[in-house]
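Asks: Give me a model of this one.
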Amino acid sequence: MAPKKKGKGKGKGKKKGKKGKKDASDLTPEEKLKRTAMEVSNLKDELDYRRDIARRSASVARDQTRRSDLLERDLQTQFVDTKDIAAELTRQYKTMQTQLGITIHSLENSVSGLEKRLEKTEKELRDTQMERDKIVKDKDNKIEELLRKISVMEVSYDNILHEALDALVAKVDAARQRWEDHTLVIQQHNKKLLKEFGLNPLDI
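Replies: Predicted coordinates:
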């Protein structure tokens, strides 16, 4: 009972995974890179697994062949109908060899398919890495260009500010000079008037 419940739990997990899976066009370059790297890893694991099965199948075939040879030699020493037994063993051996040949051929095709998928996925991984590197390079170039523009603008604004301040100081100095000259004229005029009335400006 426990394994069945565990299987159901896995099924639900798979459904949720498919439902929440993003479309490839919605992925960012970083997410594409991670997904492609994961696919490459999974394909390599699957390829190793299939190769291991093929090796084991070939080993089983060799073991069965050796066992058949031993049985044939043992049976030849017994007082029985060795021809019928040998024929049956030969038939079983040929049947088993055919089945193993089919299995090995199927595994070889599967491995070949996985190798092609792995090659394609690795190419996609390289393309994704190149795309990401291009995007990063473009962003860096834009940031560098903006920094240059900001630097030029800062220099320009600094020059404009200094020129404006210099002009303002010059205007203030000119206005102060005019005011001082005008004040001096008024003071001289007032002194003259006071003298005309017989008053000493120093006494006031």
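
Asks: all helices for this protein, in order.
Replies: Assigned by DSSP state H, the chain shows helices spanning 2-19, 29-76, 82-196.

Asks: rank these by mean pLDDT and give me the bottom one.
Replies: Within the helices of the chain, confidence is poorest for helix 2-19, with a mean of 42 (mean pLDDT).

Asks: Could you verify my assumption that residue 100 touches residue 57?
Replies: Yes: counting by CB atoms under 8 Å, residue 100 does reach residue 57; the two are 5.9 Å apart. In this view, the C-beta of every residue, glycine as well, is placed from N, C-alpha and C.

Asks: what sits against residue 183?
Replies: Going by CB atoms under 8 Å, 6 or more residues apart in numbering, residue 183 touches no other residue.

Asks: Check the gap between it and residue 197 for me.
Replies: According to CB to CB, to the nearest Å, residue 183 stands 21 Å off from residue 197.

Asks: cool, and residue 89?
Replies: For residue 89, the distance to residue 197 - CB to CB - is 156 Å.

Asks: Show me the residue at the heart of this structure, geometrically.
Replies: For the chain, the residue sitting closest to the mean C-alpha position, by CA atoms, centre = their mean, is residue 30 at 2.1 Å.

Asks: Kindly confirm whether my reading is correct that it touches residue 131.
Replies: No: contact criterion CB under 8 Å: residue 30 and residue 131 do not qualify, at 10.6 Å.

Asks: hang on, the earlier thing: kindly compare burial across the helices of the chain and name the winner.
Replies: Mean neighbours per residue, mean count of other CB atoms under 10 Å, is largest over the helices of the chain for helix 29-76, with a mean of 14.

Asks: Now do that helix against helix 82-196, angle only.
Replies: Here the directions of helix 29-76 and helix 82-196 differ by 170 degrees (axes from the mean of the first three to the mean of the last three CA atoms, to 10 degrees).

Asks: What helices and strands are in contact with helix 29-76?
Replies: Counting contacts by 3 or more CB pairs under 8 Å, 6 or more residues apart in numbering; DSSP states H and E, helix 29-76 packs against helix 82-196.

Asks: Kindly give the local confidence score, pLDDT, for residue 77.
Replies: 67.

Asks: Ok, the one 4 residues further on next?
Replies: Turning to residue 81, the model gives it a pLDDT of 63.

Asks: Please tell me how far residue 90 sits from residue 84.
Replies: For residue 90 relative to residue 84 (CB to CB), the value is 11 Å.

Asks: Please read the previous query as pertaining to residue 182.
Replies: Counting by CB to CB - residue 182 and residue 84 are separated by 144 Å.

Asks: now swap in residue 69 and tell me
Replies: For residue 69, the distance to residue 84 - CB to CB - is 18 Å.

Asks: same check, this time on residue 187
Replies: In terms of CB to CB, residue 187 sits 150 Å off from residue 84.

Asks: What of residue 102?
Replies: The gap separating residue 102 from residue 84 is 27 Å, by CB to CB.
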